[in-house]
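Colleague: model this:
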Amino acid sequence: MRARDGDRMVLTTYGRSSGFAIDPVEKKPLAHFHPGTAVLSFGTAGCNLNCRFCQNWDISKSREWDRLAAVAGPDEIAQTASASHCDSIAFTYNDPVIFAEYAIDTARACHERGIHTIAVTAGYISPEARAEFFAPMDAANIDLKGFTEDFYRKVTGSHLRDVLDTIVWVHDHTDTWMELTTLLIPGHNDSQDEIARMARWILAELGPNVPLHFSAFHPDFKMLDIPPTPPATLRKARAAALDAGLRFVYTGNVHDPECETTSCHACGQSLIERDWYRILAYRLTENGRCPSCGTAVPGRFGDAVGHWGQRSLPISASPTSY
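Modeller: Okay, the predicted model is just below:
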């Protein structure tokens, strides 16, 4: 993804995307960031991890230029997001830390038009690069892929400590709204002990209000011999995290409306009811509080709920698309 150009190291994927689509923000997944709104999603090619279970492997593992079919600069992308009435833009599909210059410039162009920015990342980034990368990001979903160094080293080709350091740094030193996601893989990172230890770490280092998503694995890439995650495993993980003291824990990649709903942690009132990525009911007050007891719900909720629904719409961001 990088090459020498004279005396410079350049990003060879700058301005070249693997494609664009409008998605619901819940698909990122983000549950406490402008619910129901539309997000313009895009990525490039390549990755700095080597996850054996990668579910976007045809993009993240590609070394071929033909994967980069859409040509669009930061201003063109921001104009497309605005013309498409998107509330946010998401850097996703592959990890945006590897196309940081492109993502940062696009984020700045989006902010000039009042469009929010979202980074969907594994958080595997050096301390020196963190500040510049996360500064223009309004929200981030960071993958906490497991909670053992052995899993990270053997299954992802990276290191747990670096990811934990990034998560704590984003929480403590930025205004970026952060949520976490763990893809539970049967027999690899789904033990109750590991999940309980991870939940206790989150509580101790981040507090009880950072939302955590447990997502279901399906066989892909180099882990075709592993069965899909049973829905019961996700529910047990969610229960363990709630028991540890986390307040907002969700399941994903399965149909489970009960575990997709946001409830008040003080009185139990259902506040945002979801079915897949659709908002069925929205009861937060204008200032993001429970209407029953007045408790504030952490997040960025804006002035009103969106109604994009669960559809995903491919779109062009070329200069002729608007």
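
Colleague: alpha carbons only for contacts and neighbour counts from here, please
Modeller: Will do.

Colleague: okay, now the unreliable bits of the stretch 201-322 of the chain?
Modeller: 318-322 (pLDDT under 70).

Colleague: bridged to residue 21, which residues?
Modeller: Counting by DSSP bridges, residue 21 forms beta bridges with residue 41, residue 314.

Colleague: which SS state does residue 240 fall under?
Modeller: Following DSSP: H, G, I helix; E, B strand; the rest coil, the label given to residue 240 is helix.

Colleague: how about it, nearest residue that isn't a chain neighbour?
Modeller: If the residues on either side of it in the chain are set aside, residue 240 comes closest to residue 196, at 6.1 Å by Cα to Cα, 6 or more residues apart in numbering.

Colleague: now do whichever strand or helix holds the one you found: distance to the chain's middle.
Modeller: Secondary structure assigned from DSSP states H and E places residue 196 in helix 192-206. Centroid separation for helix 192-206 versus its chain: 19 Å, with Cα atoms, centre = their mean, to the nearest Å.

Colleague: I'd assumed residue 238 was in contact with the residue nearest to residue 240.
Modeller: No - between residue 196 and residue 238 there is no contact under Cα atoms under 8 Å: 9.9 Å.

Colleague: those two: which is more packed in?
Modeller: Using other Cα atoms under 10 Å as the criterion, residue 196 and residue 238 rank with residue 238 on top: 24 against 20.

Colleague: what sits against the more buried one?
Modeller: Residue 238 makes contact with 214, 249, 250, 251 under the criterion Cα atoms under 8 Å, 6 or more residues apart in numbering.

Colleague: apply 10 Å and report the result again.
Modeller: By Cα atoms under 10 Å, 6 or more residues apart in numbering, the contact set of residue 238 is 195-196, 199, 212-214, 232, 244, 246, 248-251, 259.

Colleague: ok, now residue 265?
Modeller: With contacts defined as Cα under 10 Å, 6+ apart, residue 265 is in contact with 209, 246, 247, 248, 290, 295, 296, 297.

Colleague: need the three-state assignment for it.
Modeller: On the three-state scheme (three-state DSSP), residue 265 is labelled coil.

Colleague: filter the contacts of residue 265 to the buried ones?
Modeller: Buried by 16 or more other Cα atoms under 10 Å: 209, 246, 247, 248, 290, 296, 297, out of the contacts of residue 265.

Colleague: wait, isn't residue 14 in contact with residue 73?
Modeller: Yes - judged on Cα atoms under 10 Å, residue 14 makes contact with residue 73 at a distance of 7.9 Å.

Colleague: give the residues shared as contacts by the two.
Modeller: residue 102.

Colleague: what sits in contact with each of residue 196 and residue 238?
Modeller: With Cα under 10 Å, 6+ apart as the test, residue 196 and residue 238 both reach residue 244.

Colleague: what's the neighbour count on residue 124?
Modeller: For residue 124, the neighbour count with other Cα under 10 Å is 24.

Colleague: quick check: closest non-adjacent residue to it.
Modeller: Among residues not flanking residue 124 along the chain, residue 163 sits closest, at 5.3 Å (Cα to Cα, 6+ apart).

Colleague: and the residue nearest the centre of this protein?
Modeller: Ranked by distance to the mean C-alpha position of the chain (Cα atoms, centre = their mean), the top residue is residue 141 at 3.1 Å.

Colleague: verify the contact between it and residue 30 for me.
Modeller: Yes - proximity of residue 141 to residue 30 meets the contact threshold set by Cα under 10 Å, at 6.9 Å.

Colleague: related to what we said a few turns ago, can you tell me how far the residue nearest to the centre of the chain sits from residue 287?
Modeller: 23 Å (Cα to Cα, to the nearest Å).
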